[in-house]
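Peer 1: The following comprises the amino acid sequence and a computationally predicted model.
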Amino acid sequence: MSEDVENDFHHVDFTVASIWESFIKSLEEVIFEWKLPQSKRVSPLKRGDIEKAVWDKKTKKEKLSFAEVNFTITRYILKDPGAGVTSPLEDETGDEDKVQALEDIMCFENDFLPQKMWLSSMGNVGQHPHPLAVWYGLRDFVIIAPNHDAVISSETRVKLLLSSLYIAVNNTNCSVPIFIQIHRASDQFYMGVCDGKEVRVDFEMVYLKRAPQHCRYLPGLLDVFKTKIASPISLEQILLSVQFTYILRDWTSYKWTQQPPDFEFLQGETIGVTELGRLPFGATSDPVSELYLYATWPKLVDSAVTDGESYSDFEPSKAPHWSVQVRMADQPACLLSDYFEEFLQLCHCKRNMKDLIGDLMECDSSGIDISTSLSAITEPRVPTLSQVLKRNKTRPKAVVRDGAISHEHLMHMLYFLFPDAADGGVKPYPETWGNSEETKQLEMGNMKTVPVDSLVWRLSIVMSHVLSTLGAVRAAAQLWYEFCGEMLFRWDKGILIPGVPPGFPDHRTCLLNQKLQMLNCCIERRLNRETLARKTSVELEKLSSGVSRISVPCKNSDDEDEFFDCSAEPTGGEGGGGGEEAAAAAGAGPSRPGGGARRKQKHSLWNQPVGRLYKYGNLRLLKTGEHLYVPVTQDPSPKTEDQILEDVDVMVHLGTDAHAAELRARIMSASLLSDMESFKAANPGAILEDFIRWYSPRDWIEEEGIDEYGQKKGSLSPRMQIRGNVWVDVWEAAKPVPARRQKRLFDDTREAEKVLHFLKTQSPAQMAQLLLPTLLHACLVRLMEEERAELPDVMPTIQHIVKQAVRLGQQGNTAQDLPRYEDLSKEMTSVEEVIAQFKSLEHKFSPSGGEQSPELQAFLSHLMQNTQVDVPEGPRGPIGMKIRCMFAEAQKVAQMLSEYDLADSSEETWNSPFATNFPQPHKRHFIMRTHAKRPSTYSIACPQRLSAILQKDSFRLAGCFTQDITFQ
Amino acid sequence: MRRRQMAGGQDPKWQKDPADQNFDYMFKLLIIGNSSVGKTSFLFRYADDSFTSAFVSTVGIDFKVKTVFRHDKRVKLQIWDTAGQERYRTITTAYYRGAMGFILMYDITNEESFNSVQDWVTQIKTYSWDNAQVILVGNKCDMEDERVISFERGKQLAEQLGIEFFETSAKENVNVKMVFERLVDIICDKMSESLDSDPNLMNAGSKGTRLTEQPTGPQNGSCNC
């Protein structure tokens, strides 16, 4: 020391001479900086405060170093559990000398704090609250721990550290306990001290792998406690708190697991529908892995209890207080999530169809075409699916066996997808397409998928079954191939595809559904055309055979195309023209007798009106005074969204100048030309003004005065009068041609072939991507079905997923968005897990289902929050009885097993023959408390405490002993 | 909001000439409303600053392009002008999807065009994305003598529908620019809002259209909306 001073006398502070002293000083500095001596006493804690409230962790890493070991000093302090509740007690002036730490260790409310454990990402076990809080009931303490891997183990170093700590604490009067971490952090071995105002408080510890023989039961532990206190006079009563922990791992009949649908087993009459149309849900292993039962005896008197090898008062079924906690399994395999996950994998699949089912395709291409072309001639118009499926039956067995779906399974799936082909007993598609209430509620309707239970919906679910349980990728490819085959068949035979919402491709639905709607549109148009052709030929036959003419009125707009061109001549004496009959049918106005007769005179043979739909109000042609007829027009062309995008591309590509705009107008005018031609055909002698009055009435400006036919005079709007504008040009170019004789604007054959080609050329990954959004939707609906009101976090999560899914749908690029679908998959997994956990608990505590008491409901929902939950009425309540049954059943099984290998297990530890219904306690925790005069007879009586925690492979004593430092 | 994906993506056809890529973001807007309320005039006034008393009645659908600066970004507006005639409904509604904004127009001198507003709103709800933004516009406000729809009625309807409202005149150039600028602003706000509330979108934002981000590739700005 003196050398140091001499060497560097300019800078050395003479009061700080050795590293030891500087360590103490820096320790004191921290104590002052954190204002530990001034820490105020707050009101006693209530039960649950320590576990529920938030802990504040204050850490300081620098400064503290001693003998080349750096230390981290951390303060753990409980934040105010509730404003006002633990506000500093300033009014109780008489208690000023009392110390918070001493009050806390003697407070019974802090006993047996439940400790949550978790595995952190580093593989370390995290614990909350800190074990020191659990062992001592402390709410404010400081730990000094060596940094990194440094370990303080040698006795001398421990002593040196502790004595520095004593000095620092003494110098500062620090009433917050300060601990030193000894051995490795995982040993959780701490010794500490605090200044208790007139008393010194030592925190000591014993940690062994095995309990010494004499410490296995309570009397031995009490002896240890008494010996340690070594009070010169006999002790006051020792108060005890005891808690035994039991673990239930074998659920026996209370196990809750779900199995994936077993199609092999169900094969027979009942397979299909219910299983095929439903996604599985639940965990394949019990999602609740363990139940911890805590039997507690609070505040016993040491002399009143017996605990020993042959008999113990600590029989769990007699404990006054029970609480339980469950440990959930780590990521149990959940069926629904696994299904979705597998589907996502398929979206990444690099293989092509030929790779997977090339043999099948070859084998078919030789067989099918001939059979279909033949059947087109020989078979009735509406075949059943069995005929379709025949081609599968005739397929060589070798192919079927080769890893793909078995024929029976395939049959069931196809019948499920195309129930119209079955004779009955199969679930038909709903009559109307709408969203159920719950999907509306969640705005699932905004998802770009398909209506619930439509064809694409079913296909996505069946595909998912196939992928997960019926033969994986190859089978999925086969199902898709069969599906495409069926589409081709239906187009060939003119059979509408079932389960597809009617009408034009709905751009709010997914692309695959739009394609199928398109195909249906094509089939419908083709059928209409063919019916019309047949009718016409019948008509012609009748005409030629001299049978009187029958006019076929057009009934509704669906039949526009098959409008039968009516003769202008009256059919009977009344004089109603065919066109007028059509008008009446269409409800567009009364037919007027005599009209036909007049027309007859007006129109020359080469100028007969054709393709009239109905009379347009009372309007008459400006030049001829003839009624203005709405013509039968070509239906607008249905388009799928990818086609619209192509159109947009073309238009955008033309550029933005005036010329391009005109070009676009020309392109767009195809339907205008068609409409004008139909109009001219239906209204011989019509002029552009007539057309405009029907087509764009706002461009007809009425003027004063009445024309010769009693109509208001008028003229075209200025914009229609612009010379050379599209409307005028097209009008001049238009010839009177009725819709049915015009060039078709929509070529159904070509469009249908496009769709079929699209379907056929999808790779397995593309196919999966087409179905993925719908499967996601189906999964969400399934989750909604299982959702429980008792789980308040579930709905918001589902809502969040739906929101994301809606957005993903709008982005419309599944391939690019796959990573985000994966995120959603993870979220769904967590939801499924939570619901499965709840169902499992419910199964355990209320296996019969039925009405649950509010008590049980509260109990279950608390258990779900992963906390320790009190069992109402302890072991005697209904829930307690249930738990006893579970343990008893598990014990029975365990005993039966142990009888088998009785020979090996003759030497059992802790054999307690009295607790047959319960296993060995996993943990026994004794807390002993008393006040004792230490170290001498005239010292004040100060609190003493010892916690003993006995487990199979660990034995820990955590003691807190105080002694009077004034009256020694 | 959506980048060129479905038809374009890797489609060489979509590779535009360099001059065309002179923007950071592209918004697709649609002008809809009854026939002859002045949709085309409105668009010409905005895009070309020109006005003629009579534009040829639009056949089907057409578009114009205008690039504006917003928050230091070049925003290319692809504005689609639609035919108002009933007969063109099926054709034009097919183009609704992907539009980020709608200008719903009526003619203050024409009662019928005002009465149809509700129908048009229904059309938007049915065929467009759910986050598409709409502004109600009463056009031809220069023709005060022939006015049949008061400003208050327009305002009230807009409030009912929860959308913003302007009276404009393409002829006198009243509020035309204002309507477009406002619509672009609303769309931008909505976009940042949904990006902020959803961190996932933010991650995807580098490929998408987050306003505060610099586009990275040659195609990045061309959101196909």
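Peer 2: In hand now; what should we look at? Numbering: from 1, shown residues only, chains lettered A, B, ... in the order given.
Peer 1: pLDDT at residue 84, what is it?
Peer 2: Defaulting to chain A. Predicted confidence (pLDDT) for A:G84: 42.
Peer 1: I was after chain B.
Peer 2: 89.
Peer 1: Just say helix, strand or coil for it.
Peer 2: coil (DSSP: H, G, I helix; E, B strand; the rest coil).
Peer 1: which residues does the residue nearest to it when sequence neighbours are not counted contact?
Peer 2: Closest residue to B:G84 apart from its sequence neighbours, by Cβ to Cβ, 6 or more residues apart in numbering or on different chains: B:S35 at 3.5 Å. No exception for glycine: its C-beta is placed from N, CA and C like everyone else's. By Cβ atoms under 8 Å, 6 or more residues apart in numbering or on different chains, the contact list for B:S35 reads A:S696, A:P697, A:R698, A:D699, B:S57, B:A83, B:G84, B:Q85.
Peer 1: and with 6 Å instead?
Peer 2: For B:S35, the contact set (Cβ atoms under 6 Å, 6 or more residues apart in numbering or on different chains) comprises A:S696, A:R698, B:G84, B:Q85.
Peer 1: which outside residues touch stretch A:133-147?
Peer 2: By Cβ under 6 Å, 6+ apart, stretch A:133-147 touches A:50, A:69-78, A:104-105, A:107, A:110, A:113, A:115, A:132, A:152, A:176-181, A:947, A:958, A:960.
Peer 1: For chain B, give the residue positioned nearest to chain A.
Peer 2: B:G60 (3.1 Å; Cβ to the nearest Cβ).
Peer 1: burial count for the residue nearest to that residue when sequence neighbours are not counted?
Peer 2: Computed as Cβ to Cβ, 6+ apart, the closest residue to B:G60 that is not its neighbour in sequence is A:M668, at 3.1 Å. Look at A:M668: counted by other Cβ atoms under 10 Å in any protein chain shown, it has 20 neighbours.
Peer 1: swap in A:Q865?
Peer 2: Counted with other Cβ under 10 Å, A:Q865 comes out at 8.
Peer 1: I'd like to know how far the nearest residue to B:T82 once chain neighbours are set aside sits from B:V59.
Peer 2: Once flanking residues are discounted, B:T82 sits nearest to B:T92: 4.3 Å by Cβ to Cβ, 6+ apart. B:T92 is 11 Å from B:V59, where distance means Cβ to Cβ, to the nearest Å.
Peer 1: before we move on, back to that, could you tell me how far the residue nearest to B:G84 is located from B:V59?
Peer 2: Counting by Cβ to Cβ, the gap from B:S35 to B:V59 is 12 Å.
Peer 1: Pairing-wise in the sheet, spell out the partners of the most centrally placed residue in chain B.
Peer 2: Nearest to the geometric centre of chain B sits B:L29, at 2.6 Å (Cα atoms, centre = their mean). Beta-bridge pairing of B:L29 under DSSP bridges involves B:I79, B:G101.
Peer 1: quick one: it and B:F102 touch, right?
Peer 2: No: contact criterion Cβ atoms under 6 Å: B:L29 and B:F102 do not qualify, at 7.2 Å.
Peer 1: Nearest to chain B within chain A, name that residue for me.
Peer 2: Counting by Cβ to the nearest Cβ, chain A gets nearest chain B through A:M668, at 3.1 Å.
Peer 1: which regions of the stretch 501-650 of chain A sit below the pLDDT cut-off?
Peer 2: A:539-606 (pLDDT under 70).
Peer 1: Helices along that one, start to end?
Peer 2: A:511-544, A:578-585, A:595-602, A:641-653 (DSSP state H, counting those that start in this stretch).
Peer 1: What of the stretch 51-200 of chain A?
Peer 2: So, for the stretch 51-200 of chain A - with DSSP H, counting those that start in this stretch - the helices run A:100-106, A:131-136, A:155-172.
Peer 1: where among the ones you listed is the average confidence lowest?
Peer 2: helix A:100-106 has the lowest average pLDDT among the helices of the stretch 51-200 of chain A, namely a mean of 79.
Peer 1: In contact with A:S289, which residues?
Peer 2: With Cβ under 6 Å, 6+ apart, A:S289 has these contacts: A:R327, A:A329.
Peer 1: Check what pLDDT it gets.
Peer 2: 81.
Peer 1: got it, and the one 4 residues further on?
Peer 2: With respect to pLDDT, A:L293 has a value of 84.
Peer 1: what is it paired to in the beta sheet?
Peer 2: A:Y246, A:V324.
Peer 1: What's the local residue count around it?
Peer 2: 26.
Peer 1: Hmm, it is touching A:V324, no?
Peer 2: Yes: if you go by Cβ under 6 Å, A:L293 and A:V324 touch, sitting 5.3 Å apart.
Peer 1: now for the helices of the stretch 51-200 of chain A, which one comes closest to B:G98?
Peer 2: B:G98 lies closest to helix A:131-136 among the helices of the stretch 51-200 of chain A, at 58.6 Å (Cβ to Cβ).
Peer 1: Now do the buried residues in that closest one.
Peer 2: Neighbour counts over helix A:131-136 (16 or more other Cβ atoms under 10 Å in any protein chain shown) mark A:P131, A:L132, A:A133, A:V134, A:W135, A:Y136 as buried.
Peer 1: Tell me who's in contact with the residue minimising distance to the centre of chain A.
Peer 2: Residue closest to the mean C-alpha point of chain A, counted by Cα atoms, centre = their mean, is A:M828 at 2.3 Å. Contacts for A:M828 (Cβ under 6 Å, 6+ apart) come out as A:S337.
Peer 1: Go ahead and report the secondary structure state at it.
Peer 2: helix.
Peer 1: State the distance from it to A:M447.
Peer 2: Counting by Cβ to Cβ - A:M828 and A:M447 are separated by 14 Å.
Peer 1: Ok, A:A778 next?
Peer 2: In terms of Cβ to Cβ, A:A778 sits 10 Å off from A:M447.
Peer 1: ditto for A:S454
Peer 2: For A:S454 relative to A:M447 (Cβ to Cβ), the value is 13 Å.
Peer 1: Ok, A:P764 next?
Peer 2: From A:P764 to A:M447 the distance is 24 Å (Cβ to Cβ).
Peer 1: cool, and A:M668?
Peer 2: 32 Å.
Peer 1: What number of residues are in the vicinity of A:E833?
Peer 2: 20.
Peer 1: secondary structure element for it?
Peer 2: Per DSSP states H and E, A:E833 falls inside helix A:814-845.
Peer 1: quick one: buried residues of that helix?
Peer 2: A:814, A:816-818, A:820-821, A:824-825, A:828-829, A:831-845.
Peer 1: Which SSE is immediately downstream of it?
Peer 2: With secondary structure assigned by DSSP H and E, helix A:814-845 is succeeded by helix A:854-864.
Peer 1: on contacts alone, who are the packing partners of the very next helix or strand once past that next one?
Peer 2: Next helix or strand after helix A:854-864 toward the C-terminus (DSSP H and E): strand A:869-870. For strand A:869-870, the elements it packs on are strand A:321-328, judged by 3 or more Cβ pairs under 6 Å, 6 or more residues apart in numbering or on different chains; DSSP states H and E.
Peer 1: how much does the strand it packs on deviate in direction from helix A:854-864?
Peer 2: Per axes from the mean of the first three to the mean of the last three Cα atoms, to 10 degrees, the angle that strand A:321-328 makes with helix A:854-864 is 50 degrees.
Peer 1: I would like the residues contacting strand A:321-328, please.
Peer 2: By Cβ under 6 Å, 6+ apart, strand A:321-328 touches A:288-296, A:837, A:863, A:868-871, A:874-875, A:880.
Peer 1: try stretch A:773-790
Peer 2: Residues outside stretch A:773-790 that contact it (Cβ under 6 Å, 6+ apart): A:279, A:281, A:336, A:340, A:343, A:438, A:447, A:449-450, A:456-457, A:460-461, A:464, A:510, A:794, A:798, A:805, A:809, A:831, A:835, A:838, A:861.
Peer 1: Just the buried ones from these, in ChimeraX syntax?
Peer 2: Buried members of these, defined by 16+ other Cβ under 10 Å, are picked up in ChimeraX with:
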select /A:279,281,336,340,343,447,449,450,456,457,460,461,464,510,794,798,805,809,831,835,838,861
